[in-house]
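[1] Any chance you can model this:
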Amino acid sequence: MPAPGRRTPDTLLDVLLHAAEDVPGQEIVHVRDDGHDHVVTYAALRDDALRVAGGLRATGPAPGTPVPLLADSGADFQPLFWGALAAGLVPVPLAPEAQRVGPVWELLGRPPVLVDDRTEGLLAELPGPVHALRLAELRTSAPPV
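    Model (predicted):
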């Protein structure tokens, strides 16, 4: 039960939005493969995720569409995941391995695939053309209104 005067999140996305409002400077630490840390605040993650959501809405997947999500690091995974939720999509996180991604992608009806720079090359191993939605491009969009 939340404290008096506190909002109860209705959705998973609300958890991030409320955290970014209530404790915007709180940090999330991602440990990279090389052992170095990547630090982002809740407010920065929210802003990044909302830009990604704007890009996703502009690219056309209909709300409710399940989209495979391939990211090599937590620092890239999080804006893709939260951005997909904010765009009304259903993120389907997958290990970035062609033999695992291919069957799921086929089962989902070959939807667009969310990728970061390090996982995009994997799409060449899938059968047929793949519509890649690239994190770097999605991040350049304006947040949805």
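
[2] which outside residues touch the lowest-mean-pLDDT helix or strand in the chain?
    The helix or strand of the chain with the poorest confidence is strand 27-31; it has a mean of 81 (mean pLDDT, DSSP states H and E). For strand 27-31, the surrounding residues in contact (Cβ atoms under 8 Å, 6 or more residues apart in numbering) are 37-42, 45, 73-75, 78. For the C-beta atoms, the positions are set from N, CA and C on the backbone; glycine is no exception.

[3] Apply 10 Å and report the result again.
    Contacts of strand 27-31 with the rest of the structure, by Cβ atoms under 10 Å, 6 or more residues apart in numbering, involve 19, 36-42, 44-45, 73-78.

[4] May I have the strands that pair with it, each with its orientation?
    Under the criterion DSSP bridges, strand 27-31 sits next to strand 37-41 (antiparallel) in its sheet.

[5] Pull out the buried positions in the strand it pairs with.
    The neighbour-count check on strand 37-41 (16 or more other Cβ atoms under 10 Å) flags 40-41 as buried.
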